[in-house]
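*Asks:* Pasting the sequence and the predicted model now:
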Amino acid sequence: MRLWHIFVKSMREQARDIGVLFLTLIFAPLFVLLYWLWIPSGSTAYTVLVLDQDDGVQMADGSSWSAAAEAIQAIEGVTYADGKPLLVTRAVDGQDEGKAALKDRKGVVLITFSEDFSRSVQAVREGDQSTSVPIIFGGDLTNPYYPIAAILATGAVDGYIQQATGRQPLAQYIEQPLGASAARTEFEVYVPGLLVMGAILLIFQATMAITREVEAGTLRRLQITRMNAFELLGGMSATLALVGAAATILTFLTAQALGFRSQGPLWVAVLIGVVTTFSTIGIGLLMACFAKNVAQAFVIANFPLALLMFFSGAIFPIPRLTLFTVAGRGIALNDLLPPAHAVVALNKIFTLGAGLGEVLYELAALLLLSILYFAIGVWLFQRMHLRAE
Amino acid sequence: MSEIVLRVEKLTKRYGSLVAVNNLSMEVREGEVFGFLGPNGAGKTTSISMMCGLLQPDSGRVLVHGAPIAGGSADVRARVGVCPQEVTLWGKLTCIEQLVFIGQMYGVAGRIARERGERLLEELDLIEKRNKQAHTLSGGMKRRLNLAMALVHNPDIVVLDEAEAGLDPQSRVRVREYIQSLARSKTVILTTHNMDEAERIADRVAIIDHGRLLVVDTPEVLKNSIGQGDVVEIVLGEGIERTRCSASLQERLGEQTTVTAANGTLTIHARDAVNLLPAIIEELNRAGLKPAGVHLRESTLEDVFIHLTGRRLRE
């Protein structure tokens, strides 16, 4: 019953702190909106810088023919499934201009067609098997976009050369996309990460809400009542979970309104999102045990925040460090981080069309971690804040 | 003899090398207002915190109605209500909401907590603010609400740590009257720096310094113990050889009086000081001193306090 009273009290405080409530609710939806505005087409188009030094070939009828111009057209023909361009080309006049553009990241890859590019293509076309076609690729190899653009452009130019020369490739590569992955826009690919990030950021709310009781001295008042740590943290967590759930649903709705499509049932994704907020709150409680004031709580909460963001795969993929195996399933160090399961589950639902049955493992892991962190938080909080000093 | 409701036995608390409370023992009786006095840093708040179970003593124990409070049941803790020195309220809750909430945390049913809360707000002149959030209240109102928070679960013992601190005269009088009214049904332990307040409302007073209990008795007994009733203060000019003068006065008035000199003033504690005035004036004339003023008053608890704890500033 006391848990309920604490929940009601926290709800009142939350509802009366309109500014903080508003920011909490709109944070993740705003991120989704900003991301959508950043990529109006829904996906990134990679800029390929082209230095066309090809002299071309004079044809028998007097016209001139340029293989480089056709190869550039082939590059521009690489599109997403919905027809939006994947590669866009930009002509440069020399190596220096090309390199400057690469340095400024105004382009991702620089392709140089040499003077004899057309002659080489024609020679191969006329049966000279000893001729090779020279094309130079260059770029900043540390730029994460480089390998994507380089591979796509290579594929396009290679395809053009095969078609222009009639030379058959040794192997025929057939791409078989998993689920609906081929049809996903980049915006759609990033939505799960943004959802998880929204849940992760609740860690500040959780840590600071509880530390506020410590700092204001109200916890000392509560310390001598009949209340225990489970009731206090349970009541406050319930409020935060409700706010987190509302924020998650708002984020989904915003994403959907902006064209996000889920292959699997949306309610399962919402469930995963809500349970992820529970686990984040659990970690927030744990952090609150070590803070004596709100400023300290803010600093302390940054530590798990960074771990959750960068080592769970929510922001970028991270290798799994398997610790042991249970029932044939490898348990990795990052499995201790709830968002790691959320990212996998949301990807399965959104892209691969998975239902509840296919994400049961992730859901169970999230629930287990939520309970684990909450239980440790209660135990520690009782020892560190509610026991007579 | 009233029942002993709170017994402190050989209580000691250390913080590193500092002994905050040193072997403190005392008893508080049912229905009395017990003043707990001491200079800043004397160990009052530490003692109070141990008495209500917020702090674990290094040795010794506190018994409430015979049951230990430290590590004891919530029922024992609930028999004590604490009004801390700092105002500790939930700023976003209204006055009545916080009273109901804290009552519920003590296990009081919501309806009863609300009734008691309304009554407390009425008694402490806060009823008009019942639906105002605590952060909108003035400092005095917050202090009164802070006091009400200690009472909503109807404890037997109420511990008030500097309950009058920061109050304007009107609020101070109101709180003082309220504490006196409480004493009819509850035991009140109050710490204060206000000697006047303690003298007016405390049935018994304990004075501690450096964590040690110096005295515990009624204000009357304590006042008589140091100055036999009256105080004569003779204001002298600066630069006068007060030490020589005080020594000759002490010799003339005998051992039944005490003569001290500080800050250009001679202070004489004596019984029936009026009858001693001619002798005092004569002695001053003989010393060639012309006082700027002579004041005669009854000795106060403050005299006792200064006599026992000295004039040296603390903290």
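*Replies:* It's in.
*Asks:* Could you chop the chain up by domain?
*Replies:* Chain wasn't specified; assuming chain A. The record's domain parsing of chain A by automatic domain parsing lists A:2-39+A:185-386, A:46-180.
*Asks:* not quite, I wanted chain B
*Replies:* For chain B, whose domains are defined here by automatic domain parsing, the residue ranges read B:4-221, B:230-298.
*Asks:* Dihedrals phi and psi, A:L286?
*Replies:* Main-chain dihedrals, A:L286, degrees, to the nearest 10: phi -60, psi -40.
*Asks:* Chain B versus the residue nearest the centre of chain A, what's the distance?
*Replies:* The central residue of chain A, meaning the one whose C-alpha is nearest the mean C-alpha position (CA atoms, centre = their mean), is A:G193 at 3.8 Å. When CB to the nearest CB, to the nearest Å is applied, the distance between A:G193 and chain B equals 34 Å. The way it works is simple: take the backbone N, C-alpha and C, and place the C-beta from them, glycine included.
*Asks:* host element of that residue?
*Replies:* With elements taken from DSSP states H and E, the one containing A:G193 is helix A:186-200.
*Asks:* which residues in the chain form strands?
*Replies:* Chain wasn't specified; assuming chain A. For chain A, the strands identified by DSSP state E occupy A:46-52, A:57-58, A:64-65, A:87-91, A:109-113, A:135-138, A:322-326, A:329-332, in order along the chain.
*Asks:* Wait, chain B was what I had in mind.
*Replies:* B:4-15, B:18-29, B:33-37, B:59-64, B:67-68, B:80-83, B:157-161, B:187-192, B:204-209, B:212-217, B:230-235, B:258-262, B:265-270, B:293-298.
*Asks:* Does chain A have contacts with the second one?
*Replies:* No - against chain A, strand B:18-29 shows no contacts by CB under 8 Å from any CB of the partner chain, the least distance being 11.8 Å.
*Asks:* got it, and the fifth one?
*Replies:* No - remark: strand B:67-68 sits outside contact range of chain A, by CB under 8 Å from any CB, the gap being at least 11.5 Å.
*Asks:* Give me the distance between that strand and the centre of its chain.
*Replies:* Centroid displacement of strand B:67-68 relative to its chain, using CA atoms, centre = their mean, to the nearest Å, is 25 Å.
*Asks:* And for stretch B:162-178?
*Replies:* In terms of CA atoms, centre = their mean, the centre of stretch B:162-178 is found 13 Å from the chain centre.
*Asks:* May I see the buried residues of it?
*Replies:* Neighbour counts over stretch B:162-178 (16 or more other CB atoms under 10 Å in any protein chain shown) mark B:E162, B:A163, B:E164, B:L167, B:S171, B:R172, B:R174, B:V175, B:R176, B:Y178 as buried.
*Asks:* Same check on stretch A:80-88?
*Replies:* Neighbour-count burial for stretch A:80-88 [16+ other CB under 10 Å]: A:Y80, A:P85, A:L86, A:L87.
*Asks:* Now that stretch: average pLDDT?
*Replies:* Along stretch A:80-88, the predicted local confidence has a mean pLDDT of 84.
*Asks:* Okay, now the unreliable bits of the stretch 1-150 of chain A?
*Replies:* By pLDDT under 70, the low-scoring segments of the stretch 1-150 of chain A are A:40-42.
*Asks:* Just name the most buried of the domains of chain A.
*Replies:* Mean neighbours per residue, mean count of other CB atoms under 10 Å in any protein chain shown, is largest over those for domain A:2-39+A:185-386, with a mean of 20.
*Asks:* returning to that earlier point: quick check: the residue nearest to the centre of chain A touching A:F310?
*Replies:* No - at 11.8 Å, A:G193 and A:F310 do not qualify as touching, with contact defined as CB atoms under 8 Å.
*Asks:* just to revisit the earlier point, what helices or strands is the helix holding A:G193 leaning on?
*Replies:* The helices and strands touching helix A:186-200, judged by 3 or more CB pairs under 8 Å, 6 or more residues apart in numbering or on different chains; DSSP states H and E, are helix A:18-38, helix A:229-257, helix A:266-288, helix A:294-310, helix A:338-350.
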